[in-house]
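Chemist: from the sequence below, what's the structure:
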Amino acid sequence: MSDELEELRKKTERGDRNDEIRSEADSAFVDELVDAIEAVDSGARPKTVAVRDQPVAALLAALDEDDAEMTAVGNALESSLGRERSEEFDRSEIVRLAVRVGLETATPEKSEQLSDAVGRHAQRNL
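Modeler: Numbering: from 1, shown residues only. Below you'll find the predicted structure:
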């Protein structure tokens, strides 16, 4: 009888149900991400993003003129992501890395979900 009570207690704990709801929402979002990746791959959604930010545009323009600075910024961003150091960078790579660092820092759960979605997408398209 005590096993039944223990099982009932586990089912009624708030944390367990909240965790279950969160897990279901996370899984649903990963599914949405997989669909979005497939839409990008098929051309139904654009493969590029555009941002309007004058100071960042100025920084990128200045980095374009100084390879050493561009490499230093790129290597710092790679280091933040735990990646191996590259030799060369362009504006696009700097922006891509900066977005990933920002997502990883501010919302690591979204970065993890994105990684999961990329993995699921790859498995579907083997």
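
Chemist: do you know how far residue 54 is from residue 61?
Modeler: Going from residue 54 to residue 61 by Cβ to Cβ, to the nearest Å gives 10 Å. Just so you know, the C-beta spots here come from the backbone N, C-alpha and C atoms, and that holds for glycine as well.

Chemist: more crowded one of these two?
Modeler: For residue 54 and residue 61, the more surrounded residue by other Cβ atoms under 10 Å is residue 61, and the numbers stand at 10 against 7.

Chemist: report the contact partners of that one.
Modeler: Contacts of residue 61 were listed using Cβ atoms under 8 Å, 6 or more residues apart in numbering, and none were found.

Chemist: which element is it on?
Modeler: Residue 61 belongs to helix 54-64 when elements are defined using DSSP states H and E.

Chemist: in that helix, which residues are buried?
Modeler: Residues of helix 54-64 classed as buried by neighbour count (16 or more other Cβ atoms under 10 Å): 59, 60, 63.

Chemist: I'd like these as a markdown table, with distance to residue 99 and pLDDT appended.
Modeler: A markdown table is the format used below for the buried residues of helix 54-64 (distance: Cβ to Cβ, whole Å; pLDDT from 0 to 100):
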| residue | distance to residue 99 | pLDDT |
| --- | --- | --- |
| 59 | 14 | 98 |
| 60 | 13 | 97 |
| 63 | 16 | 98 |
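
Chemist: which member of these is positioned nearest residue 73?
Modeler: residue 63 (6.2 Å; Cβ to Cβ).

Chemist: ok, now which ones touch the closest one?
Modeler: Residue 63 neighbours (Cβ under 8 Å, 6+ apart): 69, 70, 73, 91, 94.

Chemist: the last one and residue 75, how far apart?
Modeler: Okay, so that is residue 94. From residue 94 across to residue 75, the span is 11 Å (Cβ to Cβ).

Chemist: can you get me a residue count around residue 74?
Modeler: With other Cβ under 10 Å as criterion, residue 74 counts 21.

Chemist: which residue, other than its chain neighbours, is closest to it?
Modeler: residue 89 (3.6 Å; Cβ to Cβ, 6 or more residues apart in numbering).
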